[in-house]
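1. Kindly return the folded structure for what I paste below:
(chains A, B, C and D)
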Amino acid sequence: MRYSGFRVIKEALTGHRGWKPAWRDVAPQAEYDYVIIGGGGHGLAAAYYLAKQFGGKKIAVLEKGWIGGGNVGRNTTIIRSNYLLDGNEPFYEFSLKLWENLEQELNYNAMVSQRGILNLVHTDAQRDAARRRGNAMILNGSDAELLDADGVRKMYPFLNFDNARFPIKGGLLHRRGGTVRHDAVAWGYARGADQHGVDIIQNCEVTGFRIDGGKIKGVETTRGYIGAKKVASSVAGSSSRVMSMAGMRLPIESHVLQAFVSEGLKPTIPGVITYGAGHFYCSQSDKGGLVFGGDIDGYNTYAQRGNLPVVEDVIESGVSLIPALGRVRLLRSWGGIMDMSMDGSPFIDKTHIEGLYFNGGWCYGGFKATPAAGWCLAHLLATDTPHETATAYRLDRFRSGLIIDEKGQGAQPNLH
Amino acid sequence: MTINRLKGGLVDHGAPLNFTFDGKTYQGLAGDTLASALLANGRRLMGRSFKYHRPRGVMTAGSEEPNALVELREGGRQEPNTRATTVELFDGLTANSQNRIGSLERDLMGVNDLFANFLSAGFYYKTFMWPRAFWEKIYEPIIRNAAGLGSVSFEDDPDLYDKGFLHCDLLVIGAGPAGLAAALTAGRAGARVILAEEDFLLGGRLLAETSGLEDQSGLGWVTQAQAELSAMDNVRIMPRTTVAGAYDHGIYGAVERVSDHLAVPEAGKPRQCFWRIYSKRALVCAGALERPIAFENNDRPGVMLAGATRAYANRWAVTPAQSVVVFANSDDGHKTAADLMAKGIEVPAIVDIRADAPALPGTEVLAGAQIIDTKGRLGVTSVTVRLANGQTRSIACGAVANSGGWNPNLGLTCHQRGRPTWNDHIHAFVPGADLPVGQLVAGAAAGQFSTHAALTTGAEQAVAALADLGITASVGDLPKAEDAPRAMTPFWHVKGAKRAWVDFQNDVTVKDVKLSHQEGFRAVEHLKRYTTLGMATDQGKTSNVTGLAVMAELTGKSIPETGTTIYRPPYVPVAMGTLAGRSVGKEFHPTRLTPSHKWAEEQGAVFVEVGNWLRAQWFPKAGETTWRDSVDREVTATRQSVGVCDVTTLGKIDVQGPDAAEFLNKLYINGFAKLAVGKVRYGVMLREDGIAYDDGTAARLAEDHFVVTTTTANAVLVYRNMEFARQCLFPGLDVQIISTTEAWAQYAVAGPNSRKLLQKIVDPEFDISNEAFPFMGCREITVCGGLRARLFRISFSGELAYEIAVPTRYGDALIRRLMAEGEEFNVTPYGTEALGVMRIEKGHAVGNELNGTTTAANLGMARMVSKKKDCIGNTLSERDGLNREGDYRLVGLKPKEAQKMIPAGAHMMSQTGSVDAASDQGYVTSACYSPSLESYIALGFLKDGANRMGETLRMVNPLEGTELLAEVVSAHFVDPEGGRLRD
Amino acid sequence: MTDLKPITALNGDSAAVDTIATLTIRENPDLALASVAARHGAGDTVAARLKDALSLSLLAPAHWAAAGDYAAIWLGPDQWMVNAEYGTHALLASDLKAIVGDAGSVTEQTDGWCCFDVEGEQLVAAFERLCALDFAQMQPGQANRTTIHHLGCLVVRTDAGASVFGPRSSARSLHHALIEAAYSVA
Amino acid sequence: MLINHPILGPRDAAEFTYLGDAALIDRPNWQADDAAEAFHDYLYLRDNPAGLHRELWFHEQGDRSWLVVTRNTLTHEITSVELARDVALARGRGKE
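-> Residues are numbered from 1 along each chain as shown, chains lettered A, B, ... in the order given. Below you'll find the model as predicted:
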C-alpha cells in the first residue's frame, strides 16, 4: 500500500477501513539465506537494502522483543556528518545523503528535518579544533560554517552570552544536520523491508549459534532453530552478550546514555545546539518537547536507566547555557544501552567464523548511522567486501594500531 | 462572583485572595488551588487540548491532571504547562490559558477538530512527503506552531534553587492514611523518618472523603497524627514535597516547593529545593488514581473524575456546577453523588453500567445505562443516556462525575523498570515483585483500597521495613476505619462511540487505539509510540490502563497478556531550574584563581578560562589598540630582558618514598632513576595504548623525593593514573603521592635578565649563578628575608629562565616584589598568549599537539623512549599502525608571505594536487604571530614531515575560504640549539 | 623574617567573617598544614613516633584528634593531615619529617587549602544543602572528604561547629556556596 | 548509587570515578614472548558481562582509594567492595 496525502483523505472519508498492517506478522521459516539478529534501525535497514539494493532473497530479521525497541527508539534523534577523521567522515556523509532521500525512498515520512546543528566553542583551542574539523568535513563533501559569537547570537539570542561561566566564542554550524522522528525510521524500514519480502519476526530471541567447522550454520532461538547461510549480529547494547555465544570477546563495554524530554512547548529552539563547556545537547521535537542529553553515566550496565548525578550534570549544563530553561519542566528521562567501543568508533566486519558478521560498537552515534550502517552491512553480507566508506571499521584495528579515535581519549570507553 | 462556592471545607472563608486568569480578576480563598478557585467562580473552561484544540476543563484534583494546564505567572517567572490543580492560590496570582490562537473561548486552532478524521493516529507518517523541499519549509513549521503547549518567556528566571541531601531509615512517600500510619509507627520506634507529601496539607484522601474513619473525623485524626509526628525529633515532615524519582540503592530525588505558594520567594530563599534522599528503606504510600470511562465527547469541560468532584466539594467547598450527573461502574460513584447531595448539589441521575446497581435516596439510579454523548460547546449542558432498555434520554447538567475505578499509583514502583502485575480483584495493575531494592508499598498504592486497609498496611509495612534494619516497631493503635469491599465491574469504554477520549491531553481516542491495532502496532510500546498514548505531560496516569484494555479487547487477549506500561522518572514534571540548583550562570563550575589574580586585576589584565582556572591572557597597556600589540610587546620584552608569568596552574604532585624513582620510570617514557638530586628532567607520559597524553618535569629534591609537574588540563588525570599505578599495578613499590598544586604560587621568570632579577630577591646565602645553579637545576631556597621557596631552572620560553615557587599566600606579594625589583630591567608581566607565542617559537607541544591521537614519534620524541625499561604504554606504542613510514610528524610552518596568518585548523595540501580529503597531507595545530621572527608561524602535523623540510605546501581553510602557501621548517624557530637556556 | 605580606585565600588582608542570621562563617588563615603518609608497613611506627613526640594520635578513618598545638586528620589509608598554628609553617613539614624519619613521607600543604569555620544554630540545615555527608549524625572528632559545589573538600566536625577545608584556588567559589546556603536556611 | 567503601562505609557513587573491568589490574609482563598480544587483550577486550562485574572505582572526592566493586550490571546491586590494593597484592602484583 502506497502512502500519500490522497490516501489519507480517502481513508478518512471511508472510516479508515483500508489501512493494512505496516509489516506482516510472520512465523520463522526453517532456513534463510540471511539472518539478521536485531530488529532495530540498523538490522531493519540492512535487511531493506540487502533485499532492495543487493538482490538478497530469503532474509529474516529476528527481534527478541518488538521492533524498534532498542536504541532506535530511545535516542535523541539527531543526524549529522560532522566527524573529523578520515575513517569516519565519509561514512557519516554517505549516511546523511541517504537520510536526505529517506522519505521518498521508503514512502514513509520519518520527518527528516535538516534544522542545522551548532557545536558551540568556548576557547581558542576549541575554535582551532572546530576549524580543523570543519575543514575536514568540507574536504569530505559535507558542509560546515564557522560562526563567531555574534553569528551565534543572531541564531540563538537566548543563549547565555552575558552571565556565562564559559563565554560563547563561536560555533561550528552544520546546516545539513538535524533531527528525524526516530521510531518512524524503524517502522519505515520495516515496512520497506517487508514489502521486499523480508520476514520480520518479533518475540524471537537468539539463544545460540550453530557453528560447524568454523562455519555458521544457523541460530538457536526461543522459537526454534533457524538455519542460515549468513548471520549478522546487529544488536547494539547487547553485542557482547550475543557474540559471546559465538565465543568472542569484543572491544566493547555496555553503558547507559540517558535522554530527556521536557514538557511540550511552543517553538523554542530552532535547531540542534551542543554546549562546548558542559555536557548538554538539545533540540525540539515536532511535538514541542525539548529533547536533550549529555554524558553517559559512565559505568558498565545493561539496565536501561540512569542515576541522578548525570541527570543533574546535564541539566546544570542546560540551564547554564539557556537560562530560560529554568522554569521549563523535565517530563521524562530514560536510558539506552550503548555499545561503547574502545576508540569510540564502530565495527562493520566479518568475524573469524565464516558466515558470521558483526555490526556494533556504535557508542552514542548509531542512530545517525542507521541508513549507511544498514547499507554497508548489506554490502558486506552480499559481497563479502566492505563498502568503500566503511573500510576502517575493522574488528582487528586495535591489534594493528589503526585506531579511529575522534575524541582522543584512548582505550577508555566511557570517555568517548 | 463565586457562584459555585459551597459551605465548609478546608478553605478559609474569611481569607479572600484575588487572582487573575486570562486577564480577568477573580476571588478565591486561602486553601484553594487555582483549579478549585476557578471552579468556585463558575469557570469550567481552562485550556485546550494538544491536537484538536478541544475546549477542556479540569478533570482531576491532583498532579495527574491532563487538561487544566496554564501559564502561571509572567515575565521571567512564567511557567508553561502548570497544572491548575497543584497551584496553591496566593494573592495576586496571575495565570493565562495556553495553546490557543485568540481567546480561550474562540481558539482559532479549534478548526483542527473539524478535520479530526484526517488527523488520525500516525497520519503524518503517511503524508507531507511531496515535494521533498516542502517538509522543512511549509509542513513542519505549521505542525510545530500548532503543536507544543505553553510558551517560554525567554527571560532569565530570577529565582534561586537549592539542592540538598537527606538521610533516613525510612522514607514515607505520601501522607494519606497509609503514610501517616507508617510514619507514626516508625517514628514511635525511634527510626529516622522522612514523611514527604506532595500536597500542602497532610491527609491525602482523608481530606477528600466524608466516610473514612468511623470513630472520629478524618481531619481530626490527621491533625492529631501531625501533631504527634511534629513533636518527634527523629521525624521530618516535608509537605509540598514530591518524591519524583527512585534511583539505585535507596536514593530518591524529591522536589520541595519552598516558595511556590508565595508571590515571590523571600530574599535569599530558594523557589524550590531538590533533595537527594538517601533512604535505607522507602515506603510508597502514594494512593491511587481514578480512571475515566471513555465515551462520546467525554472530554468536555465539566466532565470530571468522580473522586475529584467529591474532593472539590468536601475539601475545597466548590462544585463544577449546580447539577452533576454521575457515571459509574461501582459504588464509588455513588459516594460522590451522596456527598454532592449532602452539600446541596443536585444529582439528577447516577448512570450506572451495572444492571444490579443499588439505589441511592435523593437521586435516580439508572442501572444498566451508559452515557453515550454529551452536549455543550464550552462546557457540558446535557448528557445523552442509553438506558438499559435501549431507549435514550437526555439529562440536563453542568458536570459529569466519571467513575471508572481506581489504579494504584505505580509511578515510583516502576522507575527501575520493575513491571507491575494485574490484580483481577480490583481490575488494576498493582506493584510487581521487582520493586526497587529497599522499596515497599502500602495502602491504595498497593491495591489496598479501604481506609482500614490503608492504615493497617501502612503500619505493617513500616514494621517490616524497620525489622530489616534491626529496629523493632509495632503496629500501635489505629483509628477504626471503613473497610468496605471494593466490588467493581470493569468497564472501559462505551461501545459505538465516534470519538471517546482515552488520553485527554494528547487527544488519543478509542478509535486511534483501534487504528493502531489495525496497522499492526499492537505491542504496547508500539501503541504508545504510534498513537502518542501516555506520552503527554501526565505520562498517561489516567489513560494508560484504559488504552491497554481497549487493545486487549481487540487482540482477544487479557490485559496482562497484552502488556504493561511502566513509568519513567520524574513522577511529575520537575522544573529544570530545580535540577540545576545553584550551579548555573557564573557559578556553573567553581572558579580557580591564581595567586596573582588580585594583582593582575589591578593591572587591567584580560583573563581567559583555562579549565576552571582564570588566567591572565595579556596585560594591555595604555596606547595599545589590539591584543596583538600587548602580546608582541610582552614577548619581545621577555626575550630581550625579562618577563614574569604566573604558572601556578600546572599540576604539582609530590612523589616520595624509597621507590619513587622506580615509580617514575613506570610512568614516563624516559628514565628517572639516574636523575641526580637537585636536577630536573623533562618527561612524557603515555597512555597504555601508547599515545602521548601528558608532559612535564620531575624535579628530584632528595633521593626519595620528587616534585612532578603536569599540564594544567591533565593535573587531575595524571594524579588519578598515578594512584592507579601505585595501588593497582605496582603495589609493591613503596611510594607516597599527594597533590600540592594549590600549595605553591609559581612564577616563570624568563629572559636574559631573569637571573639578575632573581638575585635581587633570593636570599644571599643561595648562589644561583650559572655555575652553581645550571640549567635544569632545582633547589629549596629562601627569598625576601627567609621565606621558604623552591627554585627550578627550567624554561618553556626558550630563554634563560626559572620557575620560582613560594607559599601561595605570598604569591601576591612576590609578584609585586618582582615587578618592583625588576623595574630597572623593564620587567614585563606576560599572559597565556605570550606564553603560547614563545612556546610555538620554540616548538614545544601542548594540548593542541598532545591531542590524544599522537605518539611520541609523531611529536618527534621517539628517541626519548627508553627501551631498556617497562613503562605504561611502551608495548602497545610499538604496534605497526602507530609506526608506519610517512606518519605524521610535528613540523614548523612559515608562510611565504610573512604577514599572512596560517590558521590553526587549516589542512595541508601539496601545491599541485587537488584539494580534497584524499589529498590531505596534514593539519595545523597551533599558530601565532612571532614578533621574534616578524612573521606568522605555525606548528602542525605533516605526513612524513621529518623528510619534507623546505617543501612548500598549501594551507587550505575552505571553511573560511582562505588559502596560503607555507614552507615546512623545523618546529624550533628560535634558538634551535638551546644556547640561551644554558647561559 | 620575610617582609612579604601574605594575603588570605579570599585575597583579603585579613580573614573574612560573615554572619548571616545565626550562622557565622569565618575564614581561617591561621593554620599550618603538612601531610604525613606512612611508608609500607610503617603505619604503626609513624603513629608511635608522633605519639611520643607530640602526644598526637593518628586516629582511625574519618576521624581526627588534637593534642596540644597539633591535630591530625585522617585523609586516606596510611595518610593524615597534621595541622598546627600558622607560625610553625616554615618548619612544620621538616619537624614532622624529623619525627617520622624513614617511616613516613611528609609534604608541606599549608597553602594547599583554604579553611572556613562555620558555627551557629542552623549548622545542620546549612550542611544539608552543601554536601551529601550525613552531617546531622557527624560527631565532633569526625572528618570526611566529600564534594561541595563540585569542589573536593574536607569537612571536619568540631565542638564549635565545622571546619571546611577546600582547594585554596577555589576559595571564592566555596565561600560563595557557604554564604548562599546560610541565606537559604536563615 | 551508593558504594559501601570498605573503610568509610556507604558513599555516593558521585564521589568516585569509574575506570572499568578489574581485570585491568592484571597488566601483562612486557618481556613475555606474547607481550603484544597479551597487552592487546588486556587493554581492549572485555567480558562485558550481563550480571556480576568486578570493576574499578576511584574515590577521587574522598580518600583516594581505588576500589574493586562487584556489581550486577543488570540490577546495579553491589555485593562486595574491596580495596584494589589488597586485590592487586592478592593477585601477586608487586613492583613489576
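
2. How about residue 1, nearest residue that isn't a chain neighbour?
-> Since you didn't name a chain, this refers to chain A. Once flanking residues are discounted, residue A:1 sits nearest to residue A:20: 5.3 Å by Cβ to Cβ, 6 or more residues apart in numbering or on different chains. For every residue, glycine as well, the C-beta is placed using N, CA and C.

3. think we crossed wires, I meant chain D
-> residue D:13 is the one closest to residue D:1 (Cβ to Cβ, 6+ apart), at 3.8 Å.

4. same check, this time on residue A:73
-> residue A:183 (5.3 Å).

5. Would you map the strands across chain D?
-> D:2-5, D:9-12, D:17-21, D:52-58, D:66-72, D:78-83 (DSSP state E).

6. How about the fifth one and chain B, any contact?
-> Read that as strand D:66-72. Yes: Strand D:66-72 lies within reach of chain B by Cβ under 8 Å from any Cβ of the partner chain, at residue D:66.

7. Give me the buried positions along that strand.
-> D:66, D:67, D:68, D:69, D:71, D:72 (16 or more other Cβ atoms under 10 Å in any protein chain shown).

8. and the residue nearest to residue A:400 when sequence neighbours are not counted, helix, strand or coil?
-> Nearest residue to residue A:400 in three dimensions, chain neighbours excluded: residue B:881, at 4.5 Å (Cβ to Cβ, 6+ apart). Under DSSP: H, G, I helix; E, B strand; the rest coil, the three-state class of residue B:881 is helix.

9. And for residue B:881, the neighbour number?
-> 14 (other Cβ atoms under 10 Å in any protein chain shown).

10. Now do the contacts for the residue in the stretch 1-150 of chain A that chain C sits nearest to.
-> The stretch 1-150 of chain A approaches chain C most closely through residue A:122 (17.3 Å), counting by Cβ to the nearest Cβ. Neighbour list for residue A:122: A:166, A:167, A:168, A:169, A:276, A:277, B:609 [criterion: Cβ atoms under 8 Å, 6 or more residues apart in numbering or on different chains].

11. list the contacts for the third one?
-> With contacts taken as Cβ under 8 Å, 6+ apart, residue A:168 has the following neighbours: A:120, A:121, A:122, A:149, A:152, A:153, A:159, A:160, A:161.

12. And the second one, how far from residue B:956?
-> Using Cβ to Cβ, to the nearest Å, one gets 20 Å for the distance from residue A:121 to residue B:956.

13. the more surrounded of the two?
-> In this view residue A:121 and residue B:956 are compared by other Cβ under 10 Å, and residue A:121 has more residues nearby, 26 against 22.

14. wait, isn't that one in contact with residue A:167?
-> No: using Cβ atoms under 8 Å, residue A:121 makes no contact with residue A:167, being 10.3 Å away.

15. Using the three-state scheme, assign the residue of chain A found nearest chain B.
-> Here chain A gets closest to chain B at one residue, residue A:408, 2.0 Å apart by Cβ to the nearest Cβ. Recorded secondary structure, residue A:408: coil (three-state DSSP).

16. ditto for residue B:166
-> Residue B:166 ends up strand, using three-state DSSP.

17. Let me know how buried it is, in neighbour terms.
-> 21.

18. what's the distance between it and chain D?
-> 13 Å (Cβ to the nearest Cβ, to the nearest Å).

19. Ok, residue B:146 next?
-> 42 Å.

20. unless I'm mixing things up, residue A:359 is touching residue A:242, no?
-> No: judged on Cβ under 8 Å, residue A:359 makes no contact with residue A:242 at a distance of 11.0 Å.

21. more neighbours, the two?
-> Neighbour tally, residue A:359 and residue A:242, criterion other Cβ under 10 Å: the higher count belongs to residue A:359, 32 against 24.

22. what's the neighbour count on residue 25?
-> Using chain A here. Counted with other Cβ under 10 Å, residue A:25 comes out at 12.

23. should've been chain C
-> Neighbours around residue C:25, by other Cβ under 10 Å: 22.

24. List the contacts of it.
-> C:16, C:17, C:18, C:19, C:116, C:117, C:118, C:175, C:178, C:179, C:182.

25. Sheet partners, orientation included, of the strand or helix carrying it?
-> Assigned by DSSP states H and E, residue C:25 falls within strand C:23-27. Applying DSSP bridges, strand C:23-27 is found paired with strand C:17-20 (antiparallel), strand C:113-119 (antiparallel).

26. right, so of the ones you listed, which gets closest to residue A:350?
-> strand C:113-119 (56.9 Å; Cβ to Cβ).

27. looking only at pLDDT, what's the mean for the closest one?
-> Averaging pLDDT along strand C:113-119 yields 98.

28. how about the residue most central in space within chain B, phi and psi?
-> The residue lying closest to the centre of chain B (Cα atoms, centre = their mean) is residue B:579, at 5.6 Å. Main-chain dihedrals, residue B:579, degrees, to the nearest 10: phi -70, psi -20.

29. one step back: helix, strand or coil for the residue nearest to residue A:1?
-> Applying three-state DSSP: residue A:20 is coil.

30. thinking again about what came up before, residues near the residue nearest to residue A:73, how many?
-> If you count neighbours by other Cβ under 10 Å, residue A:183 ends up with 25.

31. again, but for residue D:47
-> Residue D:47, neighbours per other Cβ under 10 Å, totals 15.

32. any idea how far residue A:180 is from residue A:171?
-> Separation of residue A:180 from residue A:171 (Cβ to Cβ): 22 Å.
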